[in-house]
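K.L.:
build me a model:
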Amino acid sequence: VQLQASGGGLVQAGGSLTLSCVASGSKLDWLATAWFRQAPGKEREGISCANPSTMRTYYQDSVKGRFTISRDNAKGTVTLQMNRLKPEDTAVYYCATAKNGWCDYNLFDSWGQGTLVTVSS
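P.N.:
Numbers count the residues shown, from 1 in each chain. Model (predicted):
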């Protein structure tokens, strides 16, 4: 599967952004889908995941209540709605999929190219 992420940009603290990821080459139906981010000088971290079987969603504590992941299998898209953004959310954001269908951040095997989100204070 090929993934193309978009929607990043510059936003003031407290603002919102919506990231989108379009999948091609394979259907999303049985793939776990997730968003990761990598802040300057830090390792990449998984922040949200959607399980394709249970439709459960998972969030890292730092984004819980502010970010919402959603997926549209028919359209082959995954979206991350980000609200009440903070300067510490500044990072390159990546969408990813996992063939095994599990929301284990260590097992994601297809990646988009990343989109930069910058939150100013």
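K.L.:
now stretch 22-29: mean pLDDT?
P.N.:
For stretch 22-29, mean pLDDT rounds to 93.
K.L.:
secondary structure element holding the residue nearest the centre of the chain?
P.N.:
The centre of the chain sits closest to Trp35, judged by C-alpha atoms, centre = their mean, with a distance of 2.2 Å. Using DSSP states H and E, Trp35 sits within strand 32-38.
K.L.:
so who does the closest residue to Ser53 other than its chain neighbours touch?
P.N.:
Spatial nearest neighbour of Ser53, excluding adjacent residues (C-beta to C-beta, 6 or more residues apart in numbering): Gly101 at 6.1 Å. Any C-beta I mention is one placed from the backbone N, CA and C, and that applies to glycine too. Applying C-beta atoms under 8 Å, 6 or more residues apart in numbering, we find Gly101 in contact with Trp30, Leu31, Ala32, Asn51, Pro52, Ser53.
K.L.:
then Gly65?
P.N.:
Neighbour list for Gly65: Tyr59 [criterion: C-beta under 8 Å, 6+ apart].
K.L.:
where does it sit: helix, strand or coil?
P.N.:
Assigned with DSSP: H, G, I helix; E, B strand; the rest coil, Gly65 falls in the coil class.
K.L.:
measure Pro40 to Leu28 for me?
P.N.:
To Leu28, Pro40 is 30 Å away according to C-beta to C-beta, to the nearest Å.
K.L.:
typed the wrong thing, it's Asn51
P.N.:
12 Å.
K.L.:
which one of these two has more residues nearby?
P.N.:
More crowded of Asn51 and Leu28, by other C-beta atoms under 10 Å: Leu28, with 22 against 17.
K.L.:
ok, which stretches of the protein are strands?
P.N.:
2-6, 9-12, 17-24, 32-38, 45-50, 57-59, 67-72, 77-82, 91-98, 110-111, 115-120 (DSSP state E).
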